[in-house]
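Asks: sequence first, then the predicted structure, then my questions.
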There are 2 protein chains.
Amino acid sequence: MPDSADTPPYRPLREQIAEKMREGILLGDFPPGSSLPERETSAELGVSRTPFREAMGILSKEGLVTIRPARSPIVANPTVHELTDLLTVQAALEALAGELACETGSREDFEQVAGHHETMLMISDTAPALEFFKADMAFHSAVVAATGNAALMEIHAQNNARLWRVRFLTSSTRYDRDRVLQQHGRIAQTLQNRDKVGASSTLREHLKDAVEKISRIYAKQDGSADHSGATRLNNHNEEEI
Amino acid sequence: MPDSADTPPYRPLREQIAEKMREGILLGDFPPGSSLPERETSAELGVSRTPFREAMGILSKEGLVTIRPARSPIVANPTVHELTDLLTVQAALEALAGELACETGSREDFEQVAGHHETMLMISDTAPALEFFKADMAFHSAVVAATGNAALMEIHAQNNARLWRVRFLTSSTRYDRDRVLQQHGRIAQTLQNRDKVGASSTLREHLKDAVEKISRIYAKQDGSADHSGATRLNNHNEEEI
DNA sequence: GCAAGTATTTTGGTATACCAAGTCTCAAAA
DNA sequence: TTTTGAGACTTGGTATACCAAAATACTTGC
């Protein structure tokens, strides 16, 4: 795995591997639950086990792979219940972000947010699912970035990585993009007005919508034989991505 | 590093090392900012570099050490500003925990919380700082545990590890233990009453107290030559622990 | 035919060797 | 005396070898 272009910053192999694997996992090349034997997988990447193992360590901290003692690492395969729990946390964090941003955000920060919103309005009619989804994520990250709270940004980003897959698989279809855009518009507005409670509650509701949507989508198969909420994502639409 | 006692569960060396180092860092054996050269430090532990490096990876994910490419790992030395930012996040998470616990917590969960509170009341007059502090942390963890939200528990625990040092260094002296106990009593009460807004706001205020206390304690030296909030913990009271 | 136990193989865990980037030192030139 | 650059040395990065635990397959006895 030669470093593709410049080399000036020098990135350790482990990070390059982690990035490649992360991409592969998020894009579904390595489906949830599949195992990643060290020798085989590292050989495919053309690297030795050592940096590969370190890369697995990085991805496990991000929640994308699970590593168990004396067993092959596997691509994380969280239950829907675990994911909605995490999304509930993320909702609270974004609500906090709304508050803090109103208190300390700069005009430039809000323009960033507004910029992302306008982009989404622009591409809404034409963009494929993945592009629209990425723009959606970028909008939310911009809101968090407006707080200037590094810890909040870090935790939020990490949670988003874990949520990437569900959120994409359940992301808005063409038909309810309008609803998302409307909520985003309200969020951008309340921020610019420095309306703490407005921003906070709007963000919270926006994410609560997502939680309910996920629960609804995965509710049926859960009802048949399994009431424990142990449904997993890879039970369906592997084709999406 | 022989495994001290039982060995049945088989814990990988990396985890044993991580635990030992974590303890050493939290207790101040390895002061913030100090470097941890791989050969030397691993040799002191009687292990090779490989599992030591993996342990460093674990601790870096917990925010206790910082690893930079091609340089020795160093014990994390966050600024007071970064820590108050993180504590602000933690406050929001505990407020969320209060809400969720009121909704879904079981009677046993609340009894756990109350139990920790009673322990603190009991030892308040006699316990040394470290013991009282640990009981305090346990109380808060119990509140979060009462939600049954695994993601919340995980993130909360990780934040607590990062905050351990500041929170201990600025933890309540004998003279304001009463204030802490009073607030804890109110928290336990609101939970048992399933008073969502009460629990949430009380927890938030309780943590906001901590943020202000830290800011106050570190305000002076910050004023002299440095208005950037870049004050670091190891500037004083290394003797505490 | 089935089950339990054992041997074999596979695979993660750890140690070690080697490489390359970083740093430090000291000498030589300005 | 100061600065700078070359070389030695230190230290993290990576590859490989070896060890031990799991998993698997096979055999043997019921």
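Replies: The structure has been received and is ready for your questions. Numbers count the residues shown, from 1 in each chain, chains lettered A, B, ... in the order given.

Asks: drop to CA atoms for contacts and neighbour counts, all remaining ones
Replies: Fine.

Asks: next, count neighbours for residue A:128.
Replies: The tally of other residues near residue A:128 (other Cα atoms under 10 Å in any protein chain shown) stands at 12.

Asks: give me the low-pLDDT residue ranges for chain A?
Replies: Residues of chain A meeting the criterion pLDDT under 70: A:1-9, A:220-230, A:233-241.

Asks: what segments of it are helices?
Replies: Assigned by DSSP state H, the helices in chain A fall at A:13-26, A:38-45, A:49-61, A:80-104, A:107-123, A:129-145, A:150-169, A:177-192, A:196-217, A:219-225.

Asks: just give the number of residues close to residue A:193.
Replies: Applying other Cα under 10 Å, we find 12 residues neighbouring residue A:193.

Asks: next, it: phi, psi?
Replies: phi -80, psi 0 (degrees, to the nearest 10).

Asks: nearest residue to it other than its sequence neighbours?
Replies: Of all residues not flanking residue A:193 in the chain, residue A:102 sits nearest, at 7.9 Å (Cα to Cα, 6 or more residues apart in numbering or on different chains).

Asks: my read: that neighbour touches residue A:191, true?
Replies: Yes - contact status for residue A:102 versus residue A:191: in contact at 5.7 Å, counting by Cα atoms under 8 Å.

Asks: who has more neighbours, these two?
Replies: Using other Cα under 10 Å, the more surrounded residue of residue A:102 and residue A:191 is residue A:191, with 29 against 24.

Asks: do you know how far the residue nearest to residue A:193 is from DNA strand C?
Replies: Noted for residue A:102: a distance of 40 Å to DNA strand C, by Cα to the nearest atom of the strand, to the nearest Å.

Asks: and residue A:38, by the same measure?
Replies: 4 Å.

Asks: also residue A:129?
Replies: 34 Å.

Asks: do residue A:31 as well
Replies: Distance, residue A:31 to DNA strand C, using Cα to the nearest atom of the strand: 16 Å.

Asks: ok, how many other residues are close to that residue?
Replies: 18.

Asks: what are the phi and psi values for it?
Replies: When read as degrees, to the nearest 10, the backbone of residue A:31 gives phi -70, psi 150.

Asks: just to check, it is in contact with residue A:78?
Replies: No - taking Cα under 8 Å as the definition, residue A:31 is not a contact partner of residue A:78, at 12.0 Å.

Asks: list the contacts of the residue lying closest to residue A:123 once chain neighbours are set aside.
Replies: Nearest residue to residue A:123, sequence neighbours excluded (Cα to Cα, 6+ apart): residue A:132, at 7.3 Å. Listed by Cα atoms under 8 Å, 6 or more residues apart in numbering or on different chains, the contact set of residue A:132 reads A:120, A:123-124.

Asks: need the buried ones from the residues you listed selected in ChimeraX.
Replies: To isolate the buried members of the contacts of residue A:132 in ChimeraX, using 16 or more other Cα atoms under 10 Å in any protein chain shown:
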select /A:120,124
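
Asks: spell out which parts of chain A neighbour DNA strand C.
Replies: Residues of chain A found near DNA strand C (Cα under 7 Å from any atom of the strand) are A:10, A:36-39, A:50, A:68-73.

Asks: drop anything exposed from those.
Replies: The neighbour-count test (16+ other Cα under 10 Å) marks A:36, A:38, A:73 as buried among those.

Asks: ok so, going back, next, format the helices of chain A as TSV and append distance to residue B:154.
Replies: Shown next, in TSV, are those (distance: least, Cα to Cα, whole Å):
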stretch	distance to residue B:154
helix A:13-26	21
helix A:38-45	27
helix A:49-61	11
helix A:80-104	10
helix A:107-123	30
helix A:129-145	21
helix A:150-169	12
helix A:177-192	29
helix A:196-217	19
helix A:219-225	25
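
Asks: of the ones you listed, flag the one that's most buried.
Replies: A comparison of the helices of chain A by mean neighbour count, using mean count of other Cα atoms under 10 Å in any protein chain shown, puts helix A:80-104 on top with a mean of 23.

Asks: what parts of chain A come near DNA strand D?
Replies: Residues of chain A lying close to DNA strand D by Cα under 7 Å from any atom of the strand are A:12-14, A:46-51, A:70-71.

Asks: among those, which are within reach of chain B?
Replies: Contacts with chain B are made by residue A:12 out of the residues of chain A next to DNA strand D, judged by Cα under 8 Å from any Cα of the partner chain.

Asks: residue in chain A nearest to DNA strand D?
Replies: Closest contact between chain A and DNA strand D, by Cα to the nearest atom of the strand, is at residue A:13 (3.0 Å).

Asks: any idea how far that residue is from residue A:46?
Replies: 11 Å (Cα to Cα, to the nearest Å).

Asks: swap in residue A:189?
Replies: Distance, residue A:189 to residue A:46, using Cα to Cα: 50 Å.

Asks: again with residue A:76
Replies: Separation of residue A:76 from residue A:46 (Cα to Cα): 23 Å.

Asks: which residues touch the residue lying closest to residue A:149 once chain neighbours are set aside?
Replies: Excluding the flanking residues, the one nearest residue A:149 by Cα to Cα, 6+ apart is residue B:85, at 5.8 Å. Applying Cα under 8 Å, 6+ apart, one finds that residue B:85 lies in contact with A:149-152.

Asks: so residue A:25 touches residue A:31, yeah?
Replies: Yes - between residue A:25 and residue A:31 there is a contact at 6.6 Å, judged by Cα under 8 Å.

Asks: what do those two both touch?
Replies: Counting by Cα under 8 Å, 6+ apart, the common neighbours of residue A:25 and residue A:31 are residue A:75.
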